[in-house]
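Student: output the structure for:
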Amino acid sequence: MPLCLVLIGMSLAYYGVKGAVRGAVLVTLLKLFVLPALVLTTARWGFGLTGLPLAVVVMMAALPVGSNALIFSQRYAALEAEATAAIVISTLGFVASASFWLAVLAWLGQALPG
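Tutor: Below is the predicted model:
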């Protein structure tokens with residue numbers, strides 16, 4: 001894990017974020033809000049999950065962009081700056097989005113009987 005963090009930091013220093021912020025913010029919003037909403041909808045009303053299993057799948061979907069995105073972007077020489085910026089922005093954004101999704105899950109637990 002520490003090696004991945006060093007790699008991401010070096011990539012951010014190498015590529016910078018200028019010109020990549022717009023794409024990175026879009027990817028971050030999709031990853032932190034749209035994907036968990038889709039997982040929540042599918043898991044709760046499609047598969048009937050409730051309680052802890054529902055919370056686990058939603059919070060897993062709400063995790064920030066992983067370092068694998070950077071590894072693949074570097075391997076195929078495509079959108080390295082955007083991938084690096086998305087990892088950093090989504091990691092910072094996860095602080096707020098995790099609280100949001102935990103509140104939604106708590107509300108659903110009280111609003112809808114399991």
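Student: low-confidence ranges in this structure?
Tutor: Counting by pLDDT under 70, the chain has low-confidence residues at 1-19, 67, 70-72, 74, 110-114.
Student: residue nearest the centroid of it?
Tutor: residue 64 (3.0 Å; CA atoms, centre = their mean).
Student: ignoring the adjacent residues along the chain, who's closest to it?
Tutor: Spatially, and ignoring its direct neighbours in sequence, residue 64 is nearest to residue 90 (3.7 Å; CB to CB, 6 or more residues apart in numbering). For the C-beta atoms, the positions are set from N, CA and C on the backbone; glycine is no exception.
Student: count the neighbours of the one you found for me.
Tutor: Counted with other CB atoms under 10 Å, the neighbours of residue 90 add up to 24.
Student: how about the helix or strand encompassing it: buried residues?
Tutor: Assigning secondary structure by DSSP states H and E places residue 90 in helix 80-111. For helix 80-111, the buried set under the neighbour-count rule, 16 or more other CB atoms under 10 Å, comprises 80-91, 93-94, 97-98, 101, 104-105, 108.
Student: pull the distance from it to the chain's centre.
Tutor: Centroid displacement of helix 80-111 relative to its chain, using CA atoms, centre = their mean, to the nearest Å, is 6 Å.
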